[in-house]
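Engineer: give me coordinates for this.
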Amino acid sequence: MMNFVHELGRRLEEAMGSPRFSAATQNWGNPEAMSRVLARVERYYTSPHAISDSELDSVAAAVLRFRESRQLGDYQETKYICIGASQNLSGWCLLQDHELLEILLRRSRLGLHRQRLKYFGCLFGSYWSFPRDEKETSAAARLGWLRLRGWLEVQRLFLDGSVKTKLPWFQMLNDHSNLLGDQPCKRYGQELLEGTSSSLNEALGVLGVGSDSWLRNEAVAAQMQAGAELEDAQFQSHLPRLVEIAAGRTGFRLSRSISIRCLAVLISRYASCASTPEHIPLRDATMAFIGNPWTHRATWDAYVLDTAGRPDDAAREMIKGWLKVRLIKDFFDLLSEERSADGRRLNYWLGFEPMIQEMWFALGADAQSDPRKDYVEFRQRAHGRLVDLAGSTPTSNNAFLMHLGEFLVIEFGIAGNACFVYRYDRLPPRIKVRLTGAGSRTSIDIAELKASSREARLLHNGSWEANFDAALCPLLGFTRQAYATLPPSRRGLLARQGPDRGAGAPTPPEARPSSKRVPSFSPVEFEQFRSRHGLVVDDLGSRGGCLWVRTDKGNSEISERLARWGFTYRPAMGWWKE
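Structural biologist: Have a look, this model is predicted:
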């Protein structure tokens with residue numbers, strides 16, 4: 001035995017004295033070198049899908065060979081294909097090929113548990129790295145990604161029951177199995193709303209989820225949803241920070257689709273609050289990402305949905321209202337001669353805001369080119385609503401055109417100009433074409449805005465507001481005072497259905513003649529009627545439903561009035577009207 005020990009000692013002395021041994025021991029005790037080695041070891045054994053940089057080309061090559069041959073090679077080749085399953089290769093992704101994906105998933109269920117666990121880990125990496133939120137990602141690839149997600153959950157359950165020794169990353173996935181579900185981050189939403197989530201951060205670190213993964217975006221969306229589930233006051237206290245995050249102003253990069261998704265949640269929730277004063281950051285962010293609800297109605301209706309999954313009319317009309325108010329203020333503060341010195345015209349027309357269906361601005365040469373910040377921002381807000389004001393008029397003059405019911409009302413910026421009222425359906429076709437084409441550069445001659453075919457010409461003399469009311473309200477079937485008395489829940493009905501199309505202004509019920517003649521349906525009159533009789537009303541218009549009056553036929557006066565307004569009675573449910 002001693003001879004063997006001596007022989008071992010002799011050979012160790014020889015080995016340790018060689019130049020190769022001296023070179024190898026230069027890093028012994030070097031913390032930096034040891035840390036690098038330890039990191040490589042930990043990455044290989046604790047990360048589910050780690051590969052070295054030198055293997056990246058091998059991954060792409062393996063996926064392309066599989067695409068051509070439709071045959072899988074050995075274990076190493078299959079592992080590479082699992083890693084690259086979500087990789088974009090010149091516009092093509094393996095996940096979009098249903099047949100290839102099924103071949104790969106079948107193979108990944110075969111072999112020893114150690115191999116199956118490795119395949120699982122690599123496919124798990126493809127799941128996280130898939131560009132789910134990128135605009136270029138095809139619908140077929142997204143379907144493949146959903147198939148992969150379902151497969152991973154089934155395999156996780158199988159491996160959890162069959163593999164005795166669990167690697168740290170696999171155990172972490174078991175603890176956070178929600179990450180393979182339809183709402184992967186809902187569990188962390190409340191923590192994220194408060195500022196951070198230690199449990200999610202730990203999971204992402206152990207599972208090797210990269211900073212560019214769709215999961216990071218999903219965590220932001222979960223935070224928005226958690227905020228939307230709070231009571232009004234709490235939600236509004238969190239809103240400024242949530243808007244900053246959703247708009248991508250916090251340094252964390254969000255995909256555009258996630259920003260739209262987050263802002264849609266916020267604007268819809270805000271519209272449901274009891275009080276909805278203008279929130280400028282929310283307004284500007286939604287318009288920047290979703291668009292102007294006037295000119296991008298289809299986009300709004302596709303993304304901004306209510307709790308029933310239908311287009312959220314209340315949210316869209318709220319933003320339109322904010323925008324209309326801001327543009328009215330812009331005109332009288334920036335583009336009119338009196339500017340802020342005399343707020344009478346501004347205050348008067350703000351009272352008609354809910355009934356303004358469309359508005360345009362005809363700008364003189366000065367306002368068209370003014371480089372000052374306020375003017376630049378106004379032109380941006382009014383994009384699609386601008387035309388040039390041409391003809392014999394000072395370059396400082398501008399015009400404000402409002403489509404109210406069946407009429408077009410025009411105010412001018414320079415003092416001394418009257419207010420002109422025209423029937424909209426009798427406007428010359430060329431005027432309508434220029435207004436509807438306001439998104440491109442077009443012009444209107446001031447003479448065309450002061451034509452003799454007008455319905456009324458109103459002067460701003462003395463107590464002109466009362467004179468304007470006397471002339472306009474009978475034409476519009478609407479009074480500013482009546483609107484001011486409506487509760488917020490009923491103003492949406494008025495804005496959606498428009499003013500009374502009859503020729504006369506709404507007359508108080510007690511002042512009507514005894515002939516019982518009832519004009520066409522007017523939301524203002526209906527509200528007065530509802531209030532006087534204490535009727536219970538359900539307006540389901542924002543959800544695609546009808547306007548319901550929950551009463552029976554017991555009162556003949558109520559029944560007769562509702563029938564003349566076009567309501568239909570349904571037993572046990574009440575009266576309804578589309």
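
Engineer: pull the CA atoms of stretch 263-271 into PDB?
Structural biologist: C-alpha atoms of stretch 263-271 as PDB (Å, rounded to 0.1, in the frame of the first residue of the first chain):
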ATOM      1  CA  LEU A 263     -55.100  53.300 -21.800                       C
ATOM      2  CA  ALA A 264     -58.400  51.700 -23.000                       C
ATOM      3  CA  VAL A 265     -58.800  50.200 -19.500                       C
ATOM      4  CA  LEU A 266     -58.100  53.500 -17.800                       C
ATOM      5  CA  ILE A 267     -60.300  55.700 -20.000                       C
ATOM      6  CA  SER A 268     -63.200  53.300 -19.700                       C
ATOM      7  CA  ARG A 269     -62.900  53.100 -16.000                       C
ATOM      8  CA  TYR A 270     -62.600  56.800 -15.600                       C
ATOM      9  CA  ALA A 271     -65.800  57.300 -17.700                       C
END
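
Engineer: got the contact list for that stretch?
Structural biologist: With Cβ atoms under 8 Å, 6 or more residues apart in numbering as the test, stretch 263-271 has contacts from 221, 224-225, 227-228, 235-236, 239, 242-243, 246-247, 276, 279, 282, 285-286, 289-290, 303-306, 312, 314-315, 318-319. All C-beta spots, glycine's among them, are computed from the backbone N, C-alpha and C.

Engineer: taking these one by one, which sit in helices?
Structural biologist: Taking DSSP state H, the ones among the contacts of stretch 263-271 that sit in helices are 221, 224-225, 227-228, 235-236, 239, 242-243, 246, 282, 285-286, 289, 303, 314-315, 318-319.

Engineer: Gly554: how many residues sit nearby?
Structural biologist: 7 (other Cβ atoms under 10 Å).

Engineer: so it: helix, strand or coil?
Structural biologist: Under DSSP: H, G, I helix; E, B strand; the rest coil, the three-state class of Gly554 is coil.

Engineer: ditto for the one 4 residues further on
Structural biologist: On the three-state scheme (three-state DSSP), Ile558 is labelled helix.

Engineer: does it really touch Thr551, like I thought?
Structural biologist: Yes - in this structure, Ile558 is within contact of Thr551 by Cβ atoms under 8 Å, at 6.2 Å.

Engineer: give me the buried positions along the top helix by length along the chain.
Structural biologist: Criterion DSSP H: the longest helix present in the chain is helix 139-162. For helix 139-162, the neighbour count (16 or more other Cβ atoms under 10 Å) marks Ala141, Arg142, Gly144, Trp145, Leu148, Arg149, Trp151, Leu152, Gln155, Arg156, Leu159 as buried.

Engineer: just stretch 255-275 next, same as before
Structural biologist: 255, 257-273.

Engineer: show me the shaky parts of the stretch 201-350 of the chain.
Structural biologist: 340-342 (pLDDT under 70).

Engineer: which residues touch Ser272?
Structural biologist: So Ser272 contacts Ala314 (Cβ under 8 Å, 6+ apart).

Engineer: next one: Arg441
Structural biologist: Arg441 neighbours (Cβ under 8 Å, 6+ apart): Asp388.

Engineer: helix, strand, or coil at it?
Structural biologist: When classified by three-state DSSP, Arg441 comes out as coil.

Engineer: now do Thr395
Structural biologist: Secondary structure, three-state DSSP: Thr395 is coil.

Engineer: buried only: go through the contacts of stretch 263-271 for me.
Structural biologist: Buried among the contacts of stretch 263-271 by 16+ other Cβ under 10 Å: 221, 224-225, 227-228, 235-236, 239, 242-243, 246-247, 276, 279, 282, 285-286, 289-290, 303-306, 312, 314-315, 318-319.

Engineer: quick one: name whatever helix or strand follows the lowest-mean-pLDDT helix or strand in the chain.
Structural biologist: In the chain, no helix or strand scores lower on mean pLDDT, DSSP states H and E than helix 488-497, which sits at a mean of 45. The first helix or strand that comes after helix 488-497 along the chain, using DSSP states H and E, is helix 523-533.

Engineer: in that following helix, what counts as buried?
Structural biologist: Pro523, Val524, Glu525, Phe526, Glu527, Gln528, Phe529.

Engineer: which neighbours do Ile558 and Thr551 have in common?
Structural biologist: Common neighbours of Ile558 and Thr551 (Cβ under 8 Å, 6+ apart) are Leu535.

Engineer: packing partners for the host helix or strand of Trp576?
Structural biologist: Assessed by DSSP H and E, Trp576 sits inside strand 574-577. Strand 574-577 sits against strand 547-549, helix 556-564, strand 568-570, with contacts defined as 3 or more Cβ pairs under 8 Å, 6 or more residues apart in numbering; DSSP states H and E.

Engineer: can I get the ones you listed in TSV with distance to Trp464, mean pLDDT and mean neighbour count?
Structural biologist: Converted to TSV, the helices and strands packed on strand 574-577 look like this (distance: least, Cβ to Cβ, whole Å; pLDDT from 0 to 100; neighbours: other Cβ atoms under 10 Å):
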stretch	distance to Trp464	mean pLDDT	mean neighbour count
strand 547-549	37	83	20
helix 556-564	36	86	15
strand 568-570	44	81	13
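
Engineer: how many residues are close by Leu449?
Structural biologist: If you count neighbours by other Cβ under 10 Å, Leu449 ends up with 21.

Engineer: what score does it have for pLDDT?
Structural biologist: The score at Leu449 is 92. That number is its pLDDT.

Engineer: got it, and Cys546?
Structural biologist: 72.

Engineer: one more: Thr165?
Structural biologist: 77.

Engineer: now do it against Leu159, distance only.
Structural biologist: 11 Å (Cβ to Cβ, to the nearest Å).

Engineer: got it, and Ala203?
Structural biologist: 18 Å.

Engineer: same for the strand or helix carrying Phe170, what does it pack against?
Structural biologist: Phe170 is part of helix 168-175, with elements assigned from DSSP H and E. Applying 3+ Cβ pairs under 8 Å, 6+ apart, one finds that helix 168-175 contacts helix 113-129, helix 139-162, helix 198-207.

Engineer: switch the ones you listed over to a markdown table; also include distance to Ser86.
Structural biologist: Output for these, formatted as a markdown table (distance: least, Cβ to Cβ, whole Å):
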| stretch | distance to Ser86 |
| --- | --- |
| helix 113-129 | 4 |
| helix 139-162 | 7 |
| helix 198-207 | 15 |
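
Engineer: so which of those gets nearest Asn397?
Structural biologist: helix 139-162 (52.4 Å; Cβ to Cβ).

Engineer: got the contact list for that closest one?
Structural biologist: Residues contacting helix 139-162 (Cβ under 8 Å, 6+ apart): 85-86, 93-98, 101, 105, 108-109, 113, 116-117, 120, 123-124, 126-127, 130, 132, 166, 170, 173-174, 177, 180-181.

Engineer: pull out the buried members of those residues.
Structural biologist: 85-86, 93-97, 101, 105, 108, 116-117, 120, 123-124, 126-127, 130, 132, 170, 173, 180.

Engineer: got the domain ranges for this structure?
Structural biologist: The record, using automatic domain parsing to delimit domains, assigns the chain the ranges 53-175, 205-313, 336-476, 485-498+517-577.
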